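S.K.: just coords:
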């Protein structure tokens, strides 16, 4: 393993810029860190180079722990966006810099320089000054300089950012070629997904300091696990869909059976459909793919090789579109077609077409949409505008439904209609939270968010579950929440009784198990804490510690709420997300 | 070859005319008057005045102390500028403003203040005295006064240049294996060298012409702590205008040679930097 990061965290003034990142990069691999600006990708690269110290975690290069080793002793080569060439030195002196520092004899230096200049195709440029070179040539010099001392790892920080498209293309090829020829482990940071696709063996996608997903480019594109990755890696139409035993249903029609999950209860999911996986045809029978419904072409744009359409589905098609293309939910489906398809069926604005979906991918994330539930319309509406909820909805690119339950928490007759609750149900925190929570959970609510009116984005999310059956679901929900909130995750393990040494070591084992499951199965990095005593008391104490905290608690049975959590829930001043799974 | 070049702003004729006139009226004319005044002397009188042992001693002190002061300021001015540019600390703005204080102070005030501190019975002088170090009324005091009043020039010249040194350059050097001293010597200093030279020139020019602050702390012993500007004033007080002018011409000549040398050095350095960029 060339580079190994273990729970690396970097904070600037309290806020984590890099949040619990663990990653392993193999020998000779070309790894691309992709993310929007401010996602922490450059900071992570600088941490690997040793230019900024980390607050937590470990970094090893080729099996050597370098967490506390100075940059100059790490043996890395770093290339900057703005070249950072020494302007008062010639190309030759720039390239030989690292060799001079190492007191290499002049002849060996010259030979190495010639070799490097050949590698980056700049032979004969030795005596030029950086100011006499074009941007692309300067960056080639920078690459050669970074490779001079035969570093174990090559790090590239947005190396093409300052170059125009054509040069960029050429330099990309050169760097990939050099990398292959030398077999050097390389990490490239970029915000350009096309660049990432073109160069990477594997891509790691970062957002808000977290490493969300890691995988081969085509894998991430076809089967993203999160909304962010789905929409960041190219255009995507996001539907609220249902996962049934037959497959994924969009608008009530089963779309694909590939991602079947027999046995699992039917539930709401978010489905991703790439624009090129949408088919349009003059009529239903002409579709080669599964029919979704009828729509009207709103817009046709020609972009050279591809044609982009926006198609508004008829009202009668019950397939809520959360987001389409790169823009936010404009309500129209984005479609791209090849020239070939265009020749087969020409469309123009205003035309009615039949729409089919070739391939549908359901996100494995358990949080699909929100339902604000209150006894009256006004209260539900007010709740839907609560700042934290509004932020979550915006970040998750999902929707929020309102639901009126006049008898919420009061009457308990079974005659109340048991219509299904969609997604995560939200109630405003009040006096009798526990009672209302029970009322809702008894009526089939799986995830319930109890939200105080003033709650804002949490900085820390505490995670706990009562009963092992709730563990996996709680971790999945936590992972989903934490992908959209820049907070640190802490699993609070609480065990009964006093913490003697035997119980202590048992507790630590459980914590480590939980941590590795979170990491491996849900891509969630979390800290762990060990406490002994009463669950509600310990959690309350921990929540009182600091402001801006949130609790995610998993339960298996309703009576656990009555028994253990009533004191914690009633009059709660912090958001609590209850996850009910398992035997109930 | 055309004398004028097209420019975005019109009015080359006007501005050039103004430049010539302004330079002539403010700089060249008075200087010419000085030279003329000295030229009206007999050649042997001129030589006698400017090469008297007292005059020679004063040149040595004036230019020696000025060069020394400028050198000190380049070193410490660099450090001060570095601190101000590179670090955020409480009171940074205050220190930044303090740098300019010697500009604003009447130089006589600086002289009095320095004497208060460094005289034998002064705040610091009284502790230096038993160590055998005398500051006031020696060349050390002169250098100190010149350093004080020329310090802002050095700092202000280097500051913008240091701001331009990208941190990335240092980081690049660091990842390539260079230690801190190596980075300072091979990367930072070469980059700010032109600015350092400018700072040196300005500080030196300011120090050579200084009068007010020095006369208080120098003690003005002929041959020992008498600077040339003071000697000129002494000639004036004796109504020996020609003698004063003669000394003035010599100062002018030496200063001009030194400044020209530094300017040539700078131009040479610049040429080496961006050798035929196009």
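M.R.: Looks like it arrived, so ask away. Keep in mind the model is a prediction, meaning the values are calculated, not measured. Numbers count the residues shown, from 1 in each chain, chains lettered A, B, ... in the order given.

S.K.: tell me where the stretch 1-150 of chain A has helices.
M.R.: Under the criterion DSSP state H, counting those that start in this stretch, the stretch 1-150 of chain A carries helices at the ranges A:41-49, A:91-101, A:106-119, A:135-147.

S.K.: close to chain B, is the second one?
M.R.: Yes - with Cβ under 8 Å from any Cβ of the partner chain as the threshold, helix A:91-101 lies in contact with chain B, specifically through A:97-98, A:101. Just so you know, the C-beta spots here come from the backbone N, C-alpha and C atoms, and that holds for glycine as well.

S.K.: check stretch A:107-117 too.
M.R.: No - taking Cβ under 8 Å from any Cβ as the criterion, stretch A:107-117 and chain B are apart, separated by no less than 13.0 Å.

S.K.: sort out which residues of that stretch are buried, please.
M.R.: Neighbour counts over stretch A:107-117 (16 or more other Cβ atoms under 10 Å in any protein chain shown) mark A:109, A:112-113, A:116-117 as buried.

S.K.: could you do stretch A:485-502 as well?
M.R.: Using 16+ other Cβ under 10 Å as the test for burial, stretch A:485-502 gives A:485-495.

S.K.: what about that stretch, start to end distance?
M.R.: Taking Cα to Cα, to the nearest Å as the measure, stretch A:485-502 stretches 36 Å from start to finish.

S.K.: residue A:36 and residue A:207 touch, don't they?
M.R.: Yes - applying Cβ atoms under 8 Å as the test, residue A:36 and residue A:207 come out as touching, 6.7 Å apart.

S.K.: what sits in contact with each of these two?
M.R.: Any residue near both residue A:36 and residue A:207 by Cβ atoms under 8 Å, 6 or more residues apart in numbering or on different chains counts here, and that gives residue A:232.

S.K.: ok, the two, which is more surrounded?
M.R.: residue A:207 (23 against 13; other Cβ atoms under 10 Å in any protein chain shown).

S.K.: any idea how far chain B is from the more buried one?
M.R.: 25 Å (Cβ to the nearest Cβ, to the nearest Å).

S.K.: do the same with residue A:472
M.R.: For residue A:472, the distance to chain B - Cβ to the nearest Cβ - is 43 Å.

S.K.: would it be right to say that that residue lies in a helix?
M.R.: Yes - residue state for residue A:472 (DSSP: H, G, I helix; E, B strand; the rest coil) corresponds to a helix.

S.K.: these two touch, right, it and residue A:517?
M.R.: Yes - counting by Cβ under 8 Å, residue A:472 touches residue A:517, with 7.4 Å between them.

S.K.: just want to know which of these two has more residues nearby.
M.R.: More crowded of residue A:472 and residue A:517, by other Cβ under 10 Å: residue A:472, with 17 against 14.

S.K.: what about residue 119, how many neighbours?
M.R.: I went with chain A, as the question did not name one. With neighbours defined by other Cβ under 10 Å, the count for residue A:119 comes to 18.

S.K.: you answered for a different chain; I wanted chain B.
M.R.: 21.

S.K.: tell me who's in contact with it.
M.R.: The neighbourhood of residue B:119, defined by Cβ under 8 Å, 6+ apart, consists of B:125, B:136.

S.K.: report the separation between it and residue B:61.
M.R.: Applying Cβ to Cβ, to the nearest Å, the value for residue B:119 to residue B:61 is 19 Å.

S.K.: ok, now residue B:31?
M.R.: Taking Cβ to Cβ as the measure, residue B:31 and residue B:61 are separated by 24 Å.

S.K.: how about residue B:229?
M.R.: Using Cβ to Cβ, we find residue B:229 at a distance of 11 Å from residue B:61.

S.K.: poorly predicted segments of chain B, please.
M.R.: B:1-10, B:270-278 (pLDDT under 70).

S.K.: pull out the buried residues from stretch A:460-477.
M.R.: Quick answer for stretch A:460-477 (16+ other Cβ under 10 Å): A:460-466, A:469-477.

S.K.: tell me if stretch A:124-134 is near chain B.
M.R.: Yes - interface with chain B: stretch A:124-134 contributes A:129, A:131-132 (Cβ under 8 Å from any Cβ).

S.K.: ok, the buried residues of stretch A:460-477 vs residue A:342, which is closest?
M.R.: Among the buried residues of stretch A:460-477, residue A:476 lies closest to residue A:342 (Cβ to Cβ), at 41.9 Å.

S.K.: would you list the phi and psi of that closest one?
M.R.: Backbone geometry at residue A:476, expressed as degrees, to the nearest 10, gives phi -60, psi -40.

S.K.: coming back round to it: of all the buried residues of stretch A:485-502, which two lie farthest apart?
M.R.: The most widely separated members of the buried residues of stretch A:485-502 are A:486 and A:495, with 30.2 Å between them, by Cβ to Cβ.

S.K.: chain neighbours aside, what residue packs nearest to residue A:160?
M.R.: Of all residues not flanking residue A:160 in the chain, residue A:168 sits nearest, at 4.4 Å (Cβ to Cβ, 6 or more residues apart in numbering or on different chains).

S.K.: quick one: mean pLDDT for the host helix or strand of the one you found?
M.R.: Here residue A:168, judged by DSSP states H and E, is contained in helix A:165-182. Mean pLDDT, computed over helix A:165-182, is 91.

S.K.: list of residues touching that helix?
M.R.: With contacts defined as Cβ under 8 Å, 6+ apart, helix A:165-182 is touched by A:30, A:119-121, A:134-136, A:139-140, A:143, A:147, A:154, A:156, A:159-160, A:163, A:186, A:195, A:198-199.

S.K.: so which of the buried residues of stretch A:485-502 are in strands?
M.R.: Per DSSP state E, strands hold the following members of the buried residues of stretch A:485-502: A:488-495.

S.K.: can I get the residues you listed in TSV with distance to residue B:69?
M.R.: What follows is these, written out as TSV (distance: Cβ to Cβ, whole Å):
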residue	distance to residue B:69
A:488	56
A:489	61
A:490	61
A:491	66
A:492	66
A:493	69
A:494	71
A:495	73
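
S.K.: who wins on neighbours among the residues of helix A:91-101 next to chain B?
M.R.: Using other Cβ under 10 Å as the neighbour criterion, residue A:98 leads the residues of helix A:91-101 next to chain B with 26 neighbours.

S.K.: quick check: that one touching residue A:148?
M.R.: Yes - in this structure residue A:98 lies within contact range of residue A:148 using Cβ under 8 Å: 4.5 Å.

S.K.: please identify every residue contacting each of these two.
M.R.: What both residue A:98 and residue A:148 touch, as defined by Cβ under 8 Å, 6+ apart, is the set residue B:176.

S.K.: which residues sit in contact with the nearest residue to residue A:125 once chain neighbours are set aside?
M.R.: Nearest residue to residue A:125, sequence neighbours excluded (Cβ to Cβ, 6+ apart): residue A:91, at 5.1 Å. By Cβ under 8 Å, 6+ apart, the residues touching residue A:91 are A:117, A:122, A:125-130, A:133, A:141.

S.K.: how close does residue A:91 sit to chain B?
M.R.: Counting by Cβ to the nearest Cβ, the gap from residue A:91 to chain B is 13 Å.

S.K.: what of residue A:78?
M.R.: Note on residue A:78: its distance to chain B, by Cβ to the nearest Cβ, is 4 Å.

S.K.: likewise for residue A:222?
M.R.: From residue A:222 to chain B the distance is 37 Å (Cβ to the nearest Cβ).

S.K.: was I right about that residue contacting residue A:360?
M.R.: No - Residue A:222 lies out of contact with residue A:360 (Cβ under 8 Å); the separation is 11.3 Å.

S.K.: where does the residue nearest the centre of chain A sit: helix, strand or coil?
M.R.: What sits nearest the mean C-alpha location of chain A, by Cα atoms, centre = their mean, is residue A:212, with 3.4 Å. Secondary structure, three-state DSSP: residue A:212 is strand.

S.K.: so who does it touch?
M.R.: Residues in contact with residue A:212, defined by Cβ under 8 Å, 6+ apart, are A:205-206, A:225-226, A:228-229, A:483, A:523.

S.K.: and with 6 Å instead?
M.R.: Residues in contact with residue A:212 (Cβ atoms under 6 Å, 6 or more residues apart in numbering or on different chains) are A:205, A:226, A:228-229, A:483.
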